[in-house]
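1. need a structure here:
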Amino acid sequence: MSHDYASQLCATLMEILAADHTLKHVLQSLNASSVRPSSGAAWDEQELIDTLAALAPVLEKTVAGPIFRADWDASRAQAATPQRKAKKGPTPSARAELLLNYGLRNKWYVVASSDEVTPAPTGVKRLGENLVLWRDAAGRVHALEDRCPHRGIAMSIGEIRDGLLTCAYHGVQVDDYGKVASVPALPGCSLEGKTLIKSYPVIEHYQAVWAYFGDELHPEPPPLELPEELISAEWTGVIHTDVWNGDYRYVWDNLVDPMHGPYLHSQTYTQSRGPKNDNIAVKDTGHGFQVYREGQRGVNLDWIEYVDAGTAMYSRVEIPMPPNAGPGGFMGIIFFTTPIDEGHTRVNVWRLRKVSGWQRNLWHFLFKYRILGFVNAVLEQDKNALAFMPAWPAPERLYLHDVGITRLRKLMREEAKHQAEEFAR
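-> Take a look at the predicted model:
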């Protein structure tokens with residue numbers, strides 16, 4: 001089926017849905033239209049599902065509980081690691097500043113989408129650290145420090161040979177826990193059998209790969225608790241990833257600032273409604289806070305929730321959708337932010353809807369062929385605006401609308417101070 005056919009079907013469906021969301025109405029209206037199924041038969045529920053699935057396959061979710069544990073063997077990660085001479089580290093205040101600059105530790109971060117990790121080594125930078133990611137023969141994802149223990153060259157320019165990550169420079173091979181398995185240029189070399197590069201616990205779930213960034217006091221990964229939208233069978237969605245220029249803290253500021261919506265996004269599909277002035281309030285949730293507009297609800301970007309699940313941080317928002325966007329109520333957005341370095345940030349966004357059956361196929365189809373372009377345009381506006389922010393911290397004068405920003409910055413400073421002081425002790 002051609003893209004022209006998909007576009008025609010999408011336009012027809014959106015016109016139909018503007019009046020009624022029932023299956024009976026949709027099928028009757030489709031059969032009265034000029035758009036026919038590829039089979040040439042009349043539209044029925046199964047014909048509709050098959051056609052939509054062919055044009056926009058649904059990404060299935062492996063449903064699990066809210067807590068995920070990494071397949072991780074601490075003894076393999078630590079065994080035979082040589083003891084290094086202790087060096088005097090930064091003061092607690094300086095360490096706290098480093099944590100704020102590059103990202104808090106002892107937490108899980110999204111490091112890649114699932115489709116970015118292949119059997120070939122791939123290098124990425126996250127939280128100021130260089131990682132190499134790859135899949136083994138069973139499809140499991142592994143992550144190591146992207147550094148050969150021999151000379152320090154990036155292992156990501158090498159290859160996987162006989163199940164081992166192999167350096168392109170001298171052929172040194174390491175296993176998935178960073179232990180040197182072979183030095184082919186010098187068999188029996190003293191490096192063999194030693195764990196010399198850092199490995200990262202990883203969890204792959206619903207289109208994304210999380211890695212755990214623990215400090216020296218917390219090397220073993222705690223459970224990862226994910227939001228309901230990413231684990232419940234009732235929700236379905238698609239991940240979007242991108243790299244934004246600018247400090248990751250500006251991205252977080254943007255995510256707890258609902259009043260930028262009616263200005264920056266005033267010409268967009270879902271955020272052009274409602275007044276441009278309001279009062280902003282904050283409500284504690286026990287695991288973070290919600291920042292919201294007092295004067296409206298269910299209009300556009302009315303509220304944003306910051307969630308600190310202990311070992312991961314993310315934000316949640318609900319965007320009302322117009323009738324022609326189909327059944328399912330609001331669009332849920334889950335946003336995981338991952339620092340890259342002091343000038344770049346990785347954003348990982350799921351757009352989701354609570355639908356099932358034929359409505360699930362309908363949502364994915366409408367999203368792919370029409371809604372995706374609208375919502376990506378909103379993110380592009382955020383991305384472009386933040387690229388013009390100065391180096392952190394900005395010379396700024398905050399006012400009452402920025403209560404979410406001040407609350408989040410305070411929480412992050414307190415966590416960085418706690419981690420730094422704990423390490424110093």
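
2. could you use CA atoms for every contact and neighbour count after this?
-> Will do.

3. so residue 200 makes contact with residue 143?
-> Yes - Residue 200 is within contact range of residue 143, at 5.4 Å (criterion: Cα atoms under 8 Å).

4. which neighbours do these two share?
-> residue 211 (Cα atoms under 8 Å, 6 or more residues apart in numbering).

5. OK, contacts around residue 147?
-> Residue 147 sits next to 130, 153, 154, 155, 197 when contact means Cα under 8 Å, 6+ apart.

6. remind me which residues of the stretch 1-150 of the chain are low pLDDT?
-> 79-87 (pLDDT under 70).

7. and the strands in it?
-> Ranges of strands in the stretch 1-150 of the chain, per DSSP state E, counting those that start in this stretch, are 67-68, 107-113, 122-126, 129-135, 141-145.

8. SS state for residue 229?
-> Using DSSP: H, G, I helix; E, B strand; the rest coil, the structure places residue 229 in helix.

9. residue 188 - how many residues pack around it?
-> 11 (other Cα atoms under 10 Å).

10. again with residue 91
-> With other Cα under 10 Å as criterion, residue 91 counts 12.

11. quick one, phi psi at the closest residue to it other than its chain neighbours?
-> Once flanking residues are discounted, residue 91 sits nearest to residue 424: 7.7 Å by Cα to Cα, 6 or more residues apart in numbering. The phi/psi pair for residue 424 (degrees, to the nearest 10) reads phi -60, psi -30.

12. how close does residue 126 get to residue 111?
-> Per Cα to Cα, to the nearest Å, residue 126 is found 7 Å from residue 111.

13. again with residue 172
-> As judged by Cα to Cα, residue 172 and residue 111 stand 25 Å apart.

14. and if you look at residue 219?
-> Distance of residue 219 to residue 111, given as Cα to Cα: 18 Å.

15. these two: which is more packed in?
-> residue 111 (28 against 17).

16. element containing residue 249, please.
-> Element membership for residue 249 (DSSP states H and E) is helix 248-255.

17. any buried residues in the helix or strand hosting residue 408, and which?
-> Element membership of residue 408 [criterion: DSSP H and E] is helix 403-424. Of the residues in helix 403-424, 403, 404, 405, 407, 408, 412, 413, 415, 416, 417, 419, 420 count as buried by neighbour count, 16 or more other Cα atoms under 10 Å.

18. other SSEs contacting that helix?
-> Judged by 3 or more Cα pairs under 8 Å, 6 or more residues apart in numbering; DSSP states H and E, the packing partners of helix 403-424 are helix 92-102, helix 248-255, strand 280-284.

19. for the last one, packing partners?
-> Just to be clear, that refers to strand 280-284. If you count contacts as 3+ Cα pairs under 8 Å, 6+ apart, strand 280-284 packs onto strand 288-293, helix 403-424.

20. check the longest one too.
-> Of the remaining helices and strands, those touching helix 92-102 by 3+ Cα pairs under 8 Å, 6+ apart are strand 331-341, helix 403-424.

21. CA atoms of the shortest one as PDB?
-> What follows is strand 331-341, C-alpha atoms only, in PDB (Å, rounded to 0.1, in the frame of the first residue of the first chain):
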ATOM      1  CA  MET A 331      -2.200  11.700  25.100                       C
ATOM      2  CA  GLY A 332       0.100  10.800  27.900                       C
ATOM      3  CA  ILE A 333       3.800  11.900  27.600                       C
ATOM      4  CA  ILE A 334       6.600  10.300  29.600                       C
ATOM      5  CA  PHE A 335       9.900  12.200  29.300                       C
ATOM      6  CA  PHE A 336      13.300  10.800  30.500                       C
ATOM      7  CA  THR A 337      16.200  13.300  30.300                       C
ATOM      8  CA  THR A 338      19.800  12.100  30.000                       C
ATOM      9  CA  PRO A 339      22.800  14.400  30.200                       C
ATOM     10  CA  ILE A 340      25.500  13.800  27.600                       C
ATOM     11  CA  ASP A 341      28.000  16.500  28.600                       C
END
